[in-house]
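Novice: predicted model and sequence follow; I will ask about them next.
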Amino acid sequence: MENPSEAELGANIVDQLRLIYDPEIPVNIFDLGLIYAIDVKTKDNGLFDASVTMTLTSPNCPVAEDLPKQVEEAIRAINGADHVVVSVTWDPPWDKSRMSDEARILLNMF
């Protein structure tokens, strides 16, 4: 079986991230706009490394320590994950403009 491409792995990561929800907002962290970047590098041995840059809705978020760990664990659950790094940034700060259209509709934020 052929190894998945970096684009396919990126899509798999997005699928996993859509399973993680902010505990205070009924929207997954990807559609909420908390994921700023996903970088995937495949290796010759069929494994892949992933780097995710994310933020939180505020620096005082009650899950500031837990959410990045959940992201890392979700990516590690993908077959072939080798090295996973999740970085939290506050620049640029999160705002509701980063949300997907689906999230805005769900939360009545047009």
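Specialist: Arrived safely.
Novice: lowest confidence element among the helices and strands of this protein?
Specialist: Ranking every helix and strand in the chain by mean pLDDT, DSSP states H and E puts helix 101-106 at the bottom, with a mean of 91.
Novice: which residues sit against whichever strand or helix holds Pro68?
Specialist: Assessed by DSSP states H and E, Pro68 sits inside helix 66-76. Contacts to helix 66-76, defined as Cβ atoms under 8 Å, 6 or more residues apart in numbering, come from residues 13, 16-17, 19-20, 22, 29, 34, 50, 52, 54, 56, 61, 81, 84-86, 88. Where C-beta positions appear, they are placed from N, C-alpha and C, glycine not excepted.
Novice: if we go to 10 Å?
Specialist: With Cβ atoms under 10 Å, 6 or more residues apart in numbering as the test, helix 66-76 has contacts from 9, 12-13, 15-23, 29-30, 34-35, 38, 40, 48, 50-52, 54-57, 61, 63, 81-88.
Novice: buried set for that helix?
Specialist: Leu67, Pro68, Gln70, Val71, Glu72, Ala74, Ile75 (16 or more other Cβ atoms under 10 Å).
Novice: strands of this protein, start to end?
Specialist: All strands of the chain, identified by DSSP state E, fall at 35-42, 48-54, 81-88.
Novice: between the ones you listed, which gets nearest to Ala103?
Specialist: strand 35-42 (12.3 Å; Cβ to Cβ).
Novice: so how far is that closest one from its chain's centroid?
Specialist: 9 Å (Cα atoms, centre = their mean, to the nearest Å).
Novice: now stretch 31-47
Specialist: Worked out by Cα atoms, centre = their mean, stretch 31-47 lies 9 Å from the chain centre.
Novice: nearest spatial neighbour of Phe30, skipping sequence neighbours?
Specialist: The shortest distance from Phe30 to any non-neighbouring residue, by Cβ to Cβ, 6 or more residues apart in numbering, is to Leu17 (4.3 Å).
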